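Novice: Provided below for reference: sequence and predicted model.
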There are 4 protein chains.
Amino acid sequence: MDGLTARDRNFAARVRDSFDRQNAMRLIGARLTKIEPGYCEIELPYRDELTQQHKFFHGGITTMIADSAAGYAAYSLFPADASVLTVEFKMSLLAPAAGEMLIASARVVKPGRTLTLCDVEAHAVQDGKKTLVLKGLETLICLHNKADR
Amino acid sequence: MDGLTARDRNFAARVRDSFDRQNAMRLIGARLTKIEPGYCEIELPYRDELTQQHKFFHGGITTMIADSAAGYAAYSLFPADASVLTVEFKMSLLAPAAGEMLIASARVVKPGRTLTLCDVEAHAVQDGKKTLVLKGLETLICLHNKADR
Amino acid sequence: MDGLTARDRNFAARVRDSFDRQNAMRLIGARLTKIEPGYCEIELPYRDELTQQHKFFHGGITTMIADSAAGYAAYSLFPADASVLTVEFKMSLLAPAAGEMLIASARVVKPGRTLTLCDVEAHAVQDGKKTLVLKGLETLICLHNKADR
Amino acid sequence: MDGLTARDRNFAARVRDSFDRQNAMRLIGARLTKIEPGYCEIELPYRDELTQQHKFFHGGITTMIADSAAGYAAYSLFPADASVLTVEFKMSLLAPAAGEMLIASARVVKPGRTLTLCDVEAHAVQDGKKTLVLKGLETLICLHNKADR
């Protein structure tokens, strides 16, 4: 979907402010690295604390940053006095998430007054090489007249 | 699905040992509270560090324990020399996860030599009252001849 | 979820009338066999025309009746002047759908003013024996003030 | 995913032969219009018999051709002596499927020895204008040493 435009020209500041209040993102060390109308990227450097039993990033950790990226990709298109909630997602884990960095990116496929669908991906970066580790779809709902803070 | 039986009678110890090596579970403070053949429960007490911007449990955190519960429900039925990987999951977030405790439970719907499907739920407990906050389905794959440790 | 009650006591007639206008159900020969508040069953006798390349019921055919069952389980709880649309579904196909009959059943897990989540199953009946062939989750949206006909 | 190559150079004939044996595709009038390594398109002209209660294409019908397209996109990459089964799919229905034609297309995102993931879309064509009506992900399994016919 091309040509997505934000209704609120202050959208980037609104997204960053909301992200900064997600304590769970701080706990794991995730950083919001890009926000454009309908698009968001979140990076997460490797730490031993984020792993599953084989020392890869835990699939739930990968999903956490994918979910937040989708939420903010959608939220970037919402009016200033709305907030966002995740309705559901489907994530396919395509390869062990091994490496020094995870990058999740989400793009709005279909914006809507009530529901928005995002396409989500995550890549692991190991020795500079990117591997697709997650592919998903996520549905978000816009809560009108219910500002995020 | 009734009458699921574990092929490895040491399954519970095997599951607990694997869970203890999931650093991400330790980071968030999750506890494995029940393991039976084809069934697993994981609890997570509330902490401010686990929240999204509205101070509910982050949906990705809820998914983390749901995903681990599904993985171990499946793994409990695997032979001793196999390990488990998540193929994909679909999670619907039904209500804000507010409360002092989250409980994820997973049950094997269809065991298989290669693929296993689990039904997953998570409830938030607030003032002793349980609310269904997540309902999902998760597919796991059995890696034969590849012990978990 | 127990104790679901229909707001419109004429719900069963409303569901049957809508089902009868689904030409696609007539094309494949599906029958609505049970409708209760938040619950629906649809049956489909075997015909050669409904098969995939191995002569089982086509997975899309199984999904068709599962989707309609979920739609009407949700719609049974809606006000009389509303209509229903499918938002999304996730279906896992657990076994080849072989036999003389398919039975899809859907139950509302979480009713809501806007969104409703249903749990969906389909069984194939062969020589009187039922096999679970599909397990799914489906999200429906209620369009208020937009009667179905 | 670029650079997908078919291991069996006879893949297109193998796909078309299998498609021709899907009776359900004939019942609804679907046509296989494109097959390339890892990519498949299926078209379906409008007929009154394919509709739901509001006279749009039934969501299950749209899913049928999306599922077949994904199956054959994956199957095109399989060895000649293998067959394909759908493991699961998640489909989001983005708009009423109104128009004179439906076009489903599927592309392999991640090929694998056992499991293959496809990205799926369907567009409705009305008065020459294409609208995205379905977006999905589908997992297929390769059954080795089990030829399709």
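Specialist: Received the coordinates, thanks. Numbers count the residues shown, from 1 in each chain, chains lettered A, B, ... in the order given.

Novice: can you confirm residue A:60 is in a helix?
Specialist: Yes. Membership of residue A:60 in a helix is supported by DSSP: H, G, I helix; E, B strand; the rest coil.

Novice: residue B:60 is in contact with that one, correct?
Specialist: Yes. Using C-beta atoms under 8 Å, residue A:60 is in contact with residue B:60, at 6.6 Å. Every C-beta, even on glycine, is put in place using the N, C-alpha and C of the backbone.

Novice: and for the two, which residues touch both?
Specialist: The overlap between the contact sets of residue A:60 and residue B:60 (C-beta atoms under 8 Å, 6 or more residues apart in numbering or on different chains) is empty.

Novice: quick one: the helices in chain A?
Specialist: Remark: helices assigned in chain A by DSSP state H are A:11-20, A:23-28, A:59-75.

Novice: just these: most buried one?
Specialist: Comparing the helices of chain A by mean neighbour count (mean count of other C-beta atoms under 10 Å in any protein chain shown), helix A:59-75 ranks first with a mean of 29.

Novice: which residues of chain A lie near chain B?
Specialist: Counting by C-beta under 8 Å from any C-beta of the partner chain, chain A comes close to chain B at A:18-19, A:21-28, A:48-54, A:58-61, A:63-68, A:83, A:85-93, A:96, A:148-149.

Novice: what is the neighbour count of the residue lying closest to residue A:147 once chain neighbours are set aside?
Specialist: Computed as C-beta to C-beta, 6 or more residues apart in numbering or on different chains, the closest residue to residue A:147 that is not its neighbour in sequence is residue A:81, at 4.9 Å. For residue A:81, the neighbour count with other C-beta atoms under 10 Å in any protein chain shown is 12.

Novice: now do the contacts for residue A:81.
Specialist: A:144, A:145, A:146, A:147.

Novice: what do you get for residue A:149?
Specialist: Applying C-beta under 8 Å, 6+ apart to residue A:149 gives the contacts A:17, A:18, A:21, B:53.

Novice: the strands in chain A, which residues?
Specialist: A:31-36, A:39-45, A:83-93, A:101-110, A:115-126, A:129-143 (DSSP state E).

Novice: buried sites along the longest one?
Specialist: Of the residues in strand A:129-143, those with enough neighbours to count as buried (16 or more other C-beta atoms under 10 Å in any protein chain shown) are A:132, A:133, A:134, A:135, A:136, A:137, A:138, A:139, A:140, A:141, A:142.

Novice: close enough to count as contact, residue A:145 and residue A:78?
Specialist: No. Counting by C-beta under 8 Å, residue A:78 is not a contact partner of residue A:145; they are 11.3 Å apart.

Novice: between those two, which one's more packed in?
Specialist: residue A:78 (24 against 8).

Novice: measure the nearest residue to residue A:80 once chain neighbours are set aside to residue A:94 for me?
Specialist: In this structure, residue A:80 finds its nearest non-sequential neighbour in residue A:8, 4.3 Å apart by C-beta to C-beta, 6+ apart. Computed as C-beta to C-beta, to the nearest Å, the residue A:8 to residue A:94 distance reads 35 Å.

Novice: who touches the residue of chain A found nearest chain C in this structure?
Specialist: The minimum distance from chain A to chain C, using C-beta to the nearest C-beta, falls at residue A:90 (5.7 Å). By C-beta under 8 Å, 6+ apart, the contact set of residue A:90 is A:136, A:137, A:138, B:88, B:89, B:90, B:91, C:90, D:90, D:137.

Novice: so who does the second one touch?
Specialist: Contacts were defined as C-beta under 8 Å, 6+ apart; by that measure residue A:137 touches A:89-90, A:109, A:117-120, C:88, D:90, D:92, D:135-137.

Novice: and the pLDDT at it?
Specialist: Residue A:137 carries a pLDDT value of 98.

Novice: that one bridge partners, please.
Specialist: residue A:90, residue A:119 (DSSP bridges).

Novice: distance of it relative to residue B:88?
Specialist: 11 Å.

Novice: below-threshold pLDDT in chain A: ranges please.
Specialist: By pLDDT under 70, the weakly predicted segments of chain A are A:1-3.

Novice: hang on, the earlier thing: so the residue nearest to residue A:147 versus residue C:113, what's the distance?
Specialist: Distance of residue A:81 to residue C:113, given as C-beta to C-beta: 20 Å.

Novice: kindly report the same for residue A:9.
Specialist: Taking C-beta to C-beta, one finds residue A:9 at 32 Å from residue C:113.

Novice: ok, now residue A:36?
Specialist: 33 Å.

Novice: neighbour-wise, which of the two wins?
Specialist: Between residue A:36 and residue C:113, counted using other C-beta under 10 Å, residue A:36 has the larger neighbour count: 15 against 8.

Novice: which residues does that one contact?
Specialist: Residue A:36 neighbours (C-beta under 8 Å, 6+ apart): residue A:76.

Novice: ok, back up a step: could you dump the contacts of residue A:149 to CSV with distance to chain D?
Specialist: Formatted as CSV, the contacts of residue A:149 follow (distance: C-beta to the nearest C-beta, whole Å):
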residue, distance to chain D
A:17, 29
A:18, 24
A:21, 29
B:53, 25
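
Novice: taking those together, which two end up most distant?
Specialist: Greatest spatial distance in those: A:17 and B:53, 8.8 Å, computed using C-beta to C-beta.

Novice: need the residues touching each of these two.
Specialist: Counting by C-beta under 8 Å, 6+ apart, the common neighbours of residue A:17 and residue B:53 are A:148, A:149.
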